[in-house]
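Participant: Here is the input, now give the coordinates:
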Amino acid sequence: MKRKVVFLAVVLMAFGAALFAQEAEAGAEVAGAAIPAWKFIAAALAVGLSCIAGGIAVGQIGAAAMGAISENPELSGKALPFMGLAEGICLWGFLVALLILFL
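Facilitator: Sure thing, here's the model as predicted:
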């Protein structure tokens, strides 16, 4: 039951603005072209989900790296690139959001 309530709340938050939106006279304009509302939702989902996934990945990798470094301090140089790869997930989400909005 709790999952259904959370799912319903997420859906209402995601599409609530679209339900009560009114047509704007000029709309949001970038370089003279109106941007549809679904592009903003898609860009927000791209950034939000990628940052959540990146945070989970950094947390898991960081915990494992700290455990490995505590046993063998020479592994610190090998653990850092994996942290960077996990943080790169957030950057890719941001780039996808920019492509959604401006292309």
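
Participant: Could you list the low-pLDDT ranges of the protein?
Facilitator: Scanning the chain for pLDDT under 70 picks out 12, 16-35.

Participant: Give me the neighbour count for Lys39.
Facilitator: Here the count is done by other C-beta atoms under 10 Å, and Lys39 has 16 residues near it. From N, CA and C alone the C-beta is placed, and that goes for glycine too.

Participant: Can you name the helix or strand that it falls in?
Facilitator: Assigned by DSSP states H and E, Lys39 belongs to helix 37-71.

Participant: Show me what that helix is packed against.
Facilitator: On a contact count with 3 or more C-beta pairs under 8 Å, 6 or more residues apart in numbering; DSSP states H and E, helix 37-71 meets helix 2-19, helix 76-102.

Participant: what angle do that helix and helix 76-102 make?
Facilitator: 180 degrees (axes from the mean of the first three to the mean of the last three C-alpha atoms, to 10 degrees).

Participant: residues of helix 37-71 that come out buried?
Facilitator: With burial defined by 16 or more other C-beta atoms under 10 Å, the residues of helix 37-71 counted as buried are 39-40, 43, 46-47, 50-51, 54, 57-58, 61, 65.

Participant: mind listing what the closest residue to Ile89 other than its chain neighbours touches?
Facilitator: Nearest in space to Ile89, with sequence neighbours left out and distances taken as C-beta to C-beta, 6 or more residues apart in numbering, is Gly54 at 4.0 Å. Contact partners of Gly54, counting by C-beta atoms under 8 Å, 6 or more residues apart in numbering, are 86-90, 93.

Participant: out of those, who has the most neighbours?
Facilitator: Within the contacts of Gly54, Gly93 tops the neighbour count with 21 neighbours, counted by other C-beta under 10 Å.

Participant: and it, how far is that from Glu87?
Facilitator: Distance, Gly93 to Glu87, by C-beta to C-beta, to the nearest Å: 11 Å.

Participant: what's the answer for Ala97, then?
Facilitator: Look at Ala97 and Glu87: by C-beta to C-beta, they are 16 Å apart.

Participant: one step back: redo the helices and strands packed on helix 37-71 as CSV? Include distance to Ser70.
Facilitator: Below are the helices and strands packed on helix 37-71 laid out as CSV (distance: least, C-beta to C-beta, whole Å):
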stretch, distance to Ser70
helix 2-19, 36
helix 76-102, 10
